[in-house]
Each structure stands twice: as C-alpha cells, then as structure tokens.
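**Student:** Take this sequence and fold it.
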Amino acid sequence: MVKRVPLPSAEELFGDPDGLRKAAVDRQWKALGLPSSLEESEENAKNWELMNPSFTTQTAPQSPDKSRHRAKKLAYSAKLQTLVIKMRDNSWIGYDNIDLTMWQSLRTAESTHDWIREHNLGAGGNWYHFDPSDFPASTRVMFNS
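**Tutor:** Numbering: from 1, shown residues only. Next up, the predicted model:
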C-alpha cells in the first residue's frame, strides 16, 4: 500500500500566490507600455498632467471705450499657474506664477490691458512668447475659434 503524503500548498511551493499573480500582471502591463503599479500609475498621471495640462479659455476682457483691443483670448492652467493671452496679431504671450486669485480677478476685469498694468506684469520682461503647440489639441482648437 502506498503511503499518502499531503501535498504542500501553492504558497509553500511558489510563495505568495497573489505576489506571483501581481508579478505576472506587472510583466504583461510593462510589455504593453502601461504602468505596473499604482504608485507608478499615479506618478505617470502627475507627469501627464504637467505635460498635458488642462486650460480654461475665455474671451479676453475688453474695455468698452477702446476700439482696437490687443488681447483677444485668454487661457489659464491652474496646475501650471500659467496665463496665455492670444493677441490681435495672433502672437501668444505667456505669464507664469499666476495664481487662481489673479486669474479670477482677470476674468472679471474690465480690461485685460489695465489688469496687466495693475499687476505689473508688462514691465521687466515678465512675459514670454508662448508656443501654441504646448497646448493640448482640444484647447488649441477652442483657443483658435
């Protein structure tokens, strides 16, 4: 008669089965170019947001007593604290370090030009030429309409 010996559990044979499953899934995800862990996924999401930030757009506030307005459209990213203004000549001007309070005050300002002067943003080279290809495609479409 053959003596029966109990078989070892999967955990005893292979270690933690959940860990093995996770390792297999991680390998498959990496092969597809996907993040292999929640931490990596969260880091990728943060990096994606910095590389592809969402922008809020609107028509630039324009003084009713002026006939030729230089600023046409505004775009703002709270994540990057960046304001972009599309000018009459189709140039794009960027300002960094614009917090949400400043953005809200611009949205309700009577004139974009006056708001820039009030906040001393035009003097001292605080602005730069913004490359519209830095916008996500959906924002670029809204901004150009």
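**Student:** In this protein, what residue spans correspond to strands?
**Tutor:** 56-59, 71-77, 82-87, 92-96, 127-129 (DSSP state E).
**Student:** Where among the ones you listed is average confidence lowest?
**Tutor:** Out of the strands of the chain, strand 56-59 stands lowest, with a mean of 84 (criterion: mean pLDDT).
**Student:** Does anything pack onto that one? Which helices or strands?
**Tutor:** If you count contacts as 3 or more Cβ pairs under 8 Å, 6 or more residues apart in numbering; DSSP states H and E, strand 56-59 packs onto strand 71-77, helix 137-144. C-beta coordinates here come from the backbone N, C-alpha and C atoms, glycine included.
**Student:** Send me it as PDB with only the CA atoms.
**Tutor:** This file holds the C-alpha atoms of strand 56-59, laid out as PDB (Å, rounded to 0.1, in the frame of the first residue of the first chain):
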ATOM      1  CA  THR A  56      -9.700  77.100 -19.100                       C
ATOM      2  CA  THR A  57     -10.300  79.500 -22.000                       C
ATOM      3  CA  GLN A  58     -12.400  82.600 -22.500                       C
ATOM      4  CA  THR A  59     -12.600  85.900 -24.400                       C
END
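**Student:** ok, it: who's next to it in the sheet?
**Tutor:** strand 71-77 (antiparallel) (DSSP bridges).
**Student:** and the direction of the partner strand versus that of strand 92-96, what angle?
**Tutor:** Angle, strand 71-77 to strand 92-96, by axes from the mean of the first three to the mean of the last three Cα atoms, to 10 degrees: 40 degrees.
**Student:** Just the endpoints, please. Distance across stretch 111-129?
**Tutor:** Across stretch 111-129, the terminal residues are separated by 21 Å (Cα to Cα, to the nearest Å).
**Student:** And it, what's buried?
**Tutor:** For stretch 111-129, a neighbour-count test (16 or more other Cβ atoms under 10 Å) marks S111, T112, H113, W115, I116, L121, W127 as buried.
**Student:** hmm, who's touching it?
**Tutor:** 60-63, 66, 69-71, 74, 85, 91-95, 102, 105-106, 109 (Cβ atoms under 8 Å, 6 or more residues apart in numbering).
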